[in-house]
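# Quick one: sequence plus predicted model below, questions after.
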Amino acid sequence: MKTINVPTVNQLDEKAQNILNNVKSQLGMVPNLYATIGYSSDSLENFLNYSGKVGKGTFSAKEMEAIKLAVSEVNGCEYCLSAHTAIAKMNGFTEEETIQLRDGSIADAKLNILSNLAADVALNRGKAEQSKVDAFFDAGYDEKALIDFIAVVMEISFTNYTHNLSKVPVDFPKAKALSKSAV
């Protein structure tokens, strides 16, 4: 079985090195998953450009984390659950609320709608119960928001799949396991 190792910045091409040095200056670290994506400097560049913009004009930071945590739970991505639990906490969520986003039980109505729709879309490969789509629109979201929602689901799915296949070490505090399965 082939093991995917996290490359050092110097093991990557010049383009990836420049991108990751910029990431390090912004975050103070180079996350293992970003370094691994750096094996393909074009993919790293495109991913970071995409993720830096997707959903930003439509969803708040908390709404984005609701989507990302729900999708990561369904996709079983330990890395993204850990990273986005940490990010969610930086955006004002408690540990318990991050768990509630993952299991679809958060009390906040809009966040609940987002997390449940995200889990349904991830679980059903882009399909969802019509009642969940209707709830999304009833909550005040429009067609632009739906397209942005799909884009956020796709963005986090890329990192979920990258980790699930590469299994690189998680370099964030590990997210707690759920006591029951999501969805």
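That came through fine.
# Show me which residues of the helix ranked longest in the chain are buried.
As assigned by DSSP state H, the longest helix anywhere in the chain is helix 143-166. Going by neighbour count (16 or more other CB atoms under 10 Å), the buried part of helix 143-166 is 145, 148-153, 155-160, 162-163, 166. The way it works is simple: take the backbone N, C-alpha and C, and place the C-beta from them, glycine included.
# What count of nearby residues applies to residue 172?
Neighbours of residue 172 under the rule other CB atoms under 10 Å: 19.
# got it, and the one 5 residues further on?
Burial of residue 177 is recorded as 9 neighbouring residues (other CB under 10 Å).
# backbone phi and psi for it, please?
Torsion angles at residue 177 (phi, psi; degrees, to the nearest 10) stand at phi -80, psi 150.
# Equivalent analysis for residue 43, please.
phi -60, psi -40.
# Spatially, what comes nearest to it if we skip its sequence neighbours?
Once flanking residues are discounted, residue 43 sits nearest to residue 37: 5.8 Å by CB to CB, 6 or more residues apart in numbering.
# my read: the one you found touches residue 44, true?
Yes: Residue 37 is within contact range of residue 44, at 4.7 Å (criterion: CB atoms under 8 Å).
# So which of those two has more stuff around it?
residue 37 (26 against 22).
# Report the contact partners of the more buried one.
For residue 37, the contact set (CB atoms under 8 Å, 6 or more residues apart in numbering) comprises 43, 44, 47, 159, 162.
# Alpha carbons of the helix or strand containing residue 118, as CSV, please.
Using DSSP states H and E, the element containing residue 118 is helix 109-123. The C-alpha atoms that make up helix 109-123 are tabulated as CSV, following Å, rounded to 0.1, in the frame of the first residue of the first chain:
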residue,chain,number,x,y,z
ALA,A,109,-33.2,27.7,12.8
LYS,A,110,-31.1,29.0,9.8
LEU,A,111,-28.0,27.1,10.8
ASN,A,112,-30.1,24.0,11.3
ILE,A,113,-31.6,24.3,7.8
LEU,A,114,-28.1,24.8,6.3
SER,A,115,-26.5,21.9,8.2
ASN,A,116,-29.3,19.5,7.4
LEU,A,117,-29.5,20.4,3.8
ALA,A,118,-25.7,20.2,3.5
ALA,A,119,-25.7,16.7,5.1
ASP,A,120,-28.5,15.6,2.8
VAL,A,121,-26.8,16.9,-0.4
ALA,A,122,-23.5,15.2,0.6
LEU,A,123,-25.2,11.9,1.6
